[in-house]
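Asks: this one's sequence-less:
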């Protein structure tokens, strides 16, 4: 038997790569409920986790799975779950708990058609706004959108690192095509996988306040059984962890929960650009559609149109300032998505320097390069 | 004692700065808190290893008074949250204390499956027949025809027998007491804490301020007297005979006490088998 990280080159499925990325990042607790098209992730974890000294549990539903993640996270484990839209809807409640109690963990959503049961085996990008506004209240989300099997591995590692660094649940949003497809995957040597872990308290139990922060706005995290004897609640709380029902308490807490992400958005956001230097028309895309869009840019350039691509690798936090700046030197932005138009609203809100055009296509077939290229050509500039 | 400060036997187990507690006069939760603390002392549990989780409601606020690692979770989700903690760190001693609505209405499914898995945890249910925190609505244990804010013409649903459900789902220790049996309840909690499996204790707890008021049960004292009058101890009888009628007869006692391998031990076995089998698929 080989090591915990399966260094090598593979022809691998996206869901499989995600599971291996999690293990490489140090995930040792996985809780989930079967759901197409994410089931392969849990099946792989069921094989692999016990072999690397972790535990896999199939819970009675997604509500329990997400609650278990919060408990496992507070017991010191790096924890993950994987689901699809219907399951993500059920997880909303305890993703809120993870946000409120700052429990680092990773939630994978392999997106299928919706609403409701939708098209279970087929792809869509309809959960984009759900990922942002999943649960009630005020908060910031971090969501990564892989566009290849390699990124299913790489961004799962990144999701764990972000979760540990900022103490929150991080979403990995992949359309079913990325989750189900097979392509080349390179798993690096163990020492090449950068793995981060949560900040631990530097004070003793008597001086520990579980939600006291420094300039990072991220509190150091004691875990169950370490002797700190702390109290955690989903209620609004002060730095001692105790409920705070004062008018000021709500503002203090949620402002910090938002600010710990907003203030570091520049470090969190990852964008991939293609021919932006001299572009007049730029496609904003993510996931599977970004692959068609890159080809569309090549096709358009062959035909003399100065096209470019902005691929979102993180969709939340959204690169508002970057898009606004970019739009001021463009003639148009085009937003193709496998839904009825979701990200386009965010792009319209950000890009005030040029026109923004929507190219919706509600799955399961992604846009072809030809379709995107023709849409670019059809824009009157 | 320096400064003339008096030290009480349960001081080390309580967050003294959180008192006075928020419960109404005559509520049974104070007895549940004190019997739990006494049982922890008697069972010689290391407070650094103890994790107590709860859901939402009056009982959900109990862990906030305990001086150990405590988690006040979402409504109905304390059991799966505690499951995750126990699985991730089996050295922890995990307890869930919550109410009848939290554990058996919104959280009912989680209770069944944690008992089925025999997850090593003690679950204590404070059963007060209504949703107290939200002002007295129908719960899964509200007696037939009882008045609540959402059954203004009487409850037309039959209540759930929690002991029978726990036994059927696979709990390895099942008991029921009213808060009037403080010493027996303490002994029972001690047993539950020492059990390496899923243990369940139902504690019948009067809610004079809301449920009692709506159903003209009289004062807190009268409710406690009635509980004493209708309770009978029948240790060891089959759970099917552990009947419950709030005003006629409440059968109390230890009903189930059996050994079954705990879930986290089975997960350790799973690791051993998985390592022997080697990697399936790639690699």
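Replies: The structure has been received and is ready for your questions. Because the structure is a prediction, the values reported are computed rather than measured.
Asks: use CA for all of it now, contacts and neighbours both
Replies: OK.
Asks: Isn't residue A:18 up against residue A:156?
Replies: Yes - look at residue A:18 against residue A:156 with Cα atoms under 8 Å: they come within range, at 5.9 Å.
Asks: Neighbour count for these two, which is higher?
Replies: Higher neighbour count among residue A:18 and residue A:156: residue A:156, with 31 against 28, using other Cα atoms under 10 Å in any protein chain shown.
Asks: quick one: contacts for the more buried one?
Replies: By Cα atoms under 8 Å, 6 or more residues apart in numbering or on different chains, the contact set of residue A:156 is A:18, A:21-22, A:25, A:172.
Asks: Could you rerun that using 10 Å?
Replies: A:17-25, A:80, A:106-108, A:144-146, A:150, A:162, A:170-172 (Cα atoms under 10 Å, 6 or more residues apart in numbering or on different chains).
Asks: so what's in contact with residue A:18 and residue A:156 at the same time?
Replies: Shared contacts of residue A:18 and residue A:156 (Cα under 10 Å, 6+ apart): A:24, A:108, A:150, A:172.
Asks: Of these, which is the nearest to residue A:7?
Replies: The closest of those to residue A:7 turns out to be residue A:24 (Cα to Cα; 9.6 Å).
Asks: From residue B:97, how far out is that closest one?
Replies: Residue A:24 is 36 Å from residue B:97, where distance means Cα to Cα, to the nearest Å.
Asks: Contacts only, for residue 58.
Replies: The chain I'm using is chain A. Contact analysis of residue A:58 by Cα under 10 Å, 6+ apart lists A:30-34, A:42-43, A:46, A:64-65.
Asks: look at chain B instead
Replies: The contact partners of residue B:58, taken as Cα under 10 Å, 6+ apart, are B:22-24, B:27, B:29, B:98-99, B:126, B:128, B:131-134.
Asks: May I have the phi/psi pair for it?
Replies: Taking degrees, to the nearest 10, you get phi -60, psi -50 for the backbone angles of residue B:58.
Asks: now do the one 5 residues further on
Replies: Recorded main-chain torsions at residue B:63 are phi -60, psi -20, according to degrees, to the nearest 10.
Asks: And for it, the neighbour number?
Replies: With other Cα under 10 Å as criterion, residue B:63 counts 27.
Asks: Look at the residue in the stretch 251-381 of chain A positioned nearest to chain B and give its secondary structure.
Replies: Going by Cα to the nearest Cα, chain B is nearest to residue A:253 of the stretch 251-381 of chain A, at 17.1 Å. Three-state call for residue A:253 (DSSP: H, G, I helix; E, B strand; the rest coil): helix.
Asks: Look at residue B:3 and report its pLDDT.
Replies: At residue B:3, the pLDDT value in this model is 59.
Asks: what's the answer for the one 10 residues further on, then?
Replies: pLDDT for residue B:13: 97.
Asks: List the contacts of residue 153.
Replies: Went with chain A since none was named. With contact taken as Cα under 10 Å, 6+ apart, residue A:153 is in contact with A:14-25, A:146, A:185-187.
Asks: meant chain B, my bad for not saying
Replies: Shown in contact with residue B:153 (Cα under 10 Å, 6+ apart): B:145-147.
Asks: Next one: the residue sitting nearest the centre point of chain B from chain A, what distance?
Replies: Closest to where the C-alpha atoms of chain B average out (Cα atoms, centre = their mean) is residue B:124, at 1.3 Å. Per Cα to the nearest Cα, to the nearest Å, residue B:124 is found 18 Å from chain A.
Asks: and the gap between that residue and residue A:116?
Replies: The value you get for residue B:124 to residue A:116, if Cα to Cα is used, is 36 Å.
Asks: So which residues of the stretch 51-200 of chain A form strands?
Replies: Per DSSP state E, counting those that start in this stretch, the stretch 51-200 of chain A carries strands over the ranges A:55-58, A:79-83, A:105-113, A:119-123, A:142-144, A:169-175, A:182-187.
Asks: follow-up on the earlier one: got a ChimeraX select line for the buried ones in the contacts of residue A:153?
Replies: The buried subset of the contacts of residue A:153, as determined by 16 or more other Cα atoms under 10 Å in any protein chain shown, is captured in ChimeraX by this line:
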select /A:14,15,16,17,18,19,20,21,22,23,24,25,146,185,186,187
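Asks: which of the contacts of residue A:153 are close to chain B?
Replies: Filtering these for proximity to chain B by Cα under 10 Å from any Cα of the partner chain leaves residue A:16.
Asks: Counting neighbours, which of the contacts of residue A:58 comes out on top?
Replies: Highest neighbour count within the contacts of residue A:58: residue A:30, with 32 neighbours (other Cα under 10 Å).
Asks: From start to finish, how long is stretch A:220-232 in a straight line?
Replies: Note: stretch A:220-232 ends 14 Å apart using Cα to Cα.
Asks: Buried residues of that stretch, list them for me.
Replies: A:220-225, A:227-232.
Asks: Give me the nearest residue to residue A:20, chain neighbours excluded.
Replies: Of all residues not flanking residue A:20 in the chain, residue A:153 sits nearest, at 6.7 Å (Cα to Cα, 6 or more residues apart in numbering or on different chains).
Asks: Distance-wise, check the one you found relative to residue A:178.
Replies: Residue A:153 sits 11 Å away from residue A:178, going by Cα to Cα.
Asks: Quick one: residues contacting the closest residue to residue A:139 other than its chain neighbours.
Replies: Once flanking residues are discounted, residue A:139 sits nearest to residue A:258: 5.1 Å by Cα to Cα, 6+ apart. For residue A:258, the contact set (Cα under 10 Å, 6+ apart) comprises A:138-141, A:217.
Asks: Ok, residue A:118 next?
Replies: So residue A:118 contacts A:85-86, A:112, A:124 (Cα under 10 Å, 6+ apart).
Asks: got a winner among these for most neighbours?
Replies: Top of those by neighbour number is residue A:124, holding 31 neighbours under the definition other Cα under 10 Å.
Asks: For that residue, give me the pLDDT.
Replies: Per-residue confidence (pLDDT) for residue A:124: 96.
Asks: hang on, it packs against residue A:114?
Replies: Yes - using Cα atoms under 10 Å, residue A:124 is in contact with residue A:114, at 8.0 Å.
Asks: Quick check: neighbours shared by the two?
Replies: Overlap of the contact sets of residue A:124 and residue A:114 (by Cα under 10 Å, 6+ apart) consists of A:85, A:339, A:362-363.
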